[in-house]
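*Asks:* Pasted the sequence and its predicted model underneath.
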Amino acid sequence: MDIITLADYKTFANITSPNQDSQLTPLVAFVNQFVSDYIGIANSLNLYLEGETTIILPTSQSVLSIVGDVTIDNEYLENYSITDFIQVNYKLLFKKPVIGKVLITLDNYSSNTAIKEACNLLVKHYSKEEYKPNIQSGQEQVQYSEPKSLPIYIKNILDLYRES
């Protein structure tokens, strides 16, 4: 899922030249996937409903649409768009019991400026190799890599939106 694009990052970093595009493109893709996985963003959910009027969603992302082959009031409706629902955080409430397989499309947080900022900062962190601290040991300068660590300032932003 694309939270930021290469163009978004280049604007953030004030980069106008295409010279770094080949290096930045995989970093942007990696950061998008990492952040999506870390905070639990999903594009959609496939569920089978067995006559429920209330279901608990695994995420608090906003529901954009619900479409499926369903039975409502003993009437089979193919490729039906369910519009009479209410979402309250993790709960999804239907006006009438729904039976059948549905595809629930979710908001992807791409408009959330805090998450976009965290993504931009993380791309910068990896592209500038900020994860490679220099350590002075006597006369020697030792450089070591800790690529698995997530900078605390970025982690704090993402943890605000993390689902689990």
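*Replies:* Looks like it arrived, so ask away.

*Asks:* which strand in this protein runs the most residues?
*Replies:* strand 91-106 (DSSP state E).

*Asks:* That strand pairs with which strands, parallel or anti?
*Replies:* strand 44-56 (antiparallel), strand 63-72 (antiparallel), strand 85-88 (antiparallel) (DSSP bridges).

*Asks:* Just give the number of residues close to the spatially closest residue to residue 51 that is not a sequence neighbour.
*Replies:* Nearest in space to residue 51, with sequence neighbours left out and distances taken as Cβ to Cβ, 6 or more residues apart in numbering, is residue 97 at 4.3 Å. Backbone N, C-alpha and C define where each C-beta goes, glycine included. Applying other Cβ atoms under 10 Å, we find 15 other residues in the vicinity of residue 97.

*Asks:* and what of residue 44?
*Replies:* 17.

*Asks:* what residues are up against it?
*Replies:* Neighbouring residues of residue 44 by Cβ atoms under 8 Å, 6 or more residues apart in numbering: 103-106.

*Asks:* Name the member of these with the most neighbours.
*Replies:* Counting by other Cβ under 10 Å, top hit in these: residue 104 with 24 neighbours.

*Asks:* got the contact list for it?
*Replies:* Residue 104 makes contact with 44-47, 57, 63, 65-66, 92, according to Cβ under 8 Å, 6+ apart.

*Asks:* Please repeat the previous calculation with a cut-off of 7 Å.
*Replies:* 44-45, 47, 63, 66 (Cβ atoms under 7 Å, 6 or more residues apart in numbering).

*Asks:* same thing with residue 68?
*Replies:* 80, 100-103.

*Asks:* Put together a markdown table for these, with pLDDT and distance to residue 116 on each row.
*Replies:* Output for the contacts of residue 68, formatted as a markdown table (pLDDT from 0 to 100; distance: Cβ to Cβ, whole Å):
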| residue | pLDDT | distance to residue 116 |
| --- | --- | --- |
| 80 | 96 | 34 |
| 100 | 96 | 36 |
| 101 | 96 | 33 |
| 102 | 96 | 30 |
| 103 | 97 | 26 |
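
*Asks:* Which single helix of this structure contains the most residues?
*Replies:* helix 21-39 (DSSP state H).

*Asks:* Now do the buried residues in that helix.
*Replies:* 24, 27-28, 31-32, 35-36, 38-39 (16 or more other Cβ atoms under 10 Å).

*Asks:* ok, now stretch 84-91?
*Replies:* residue 85.
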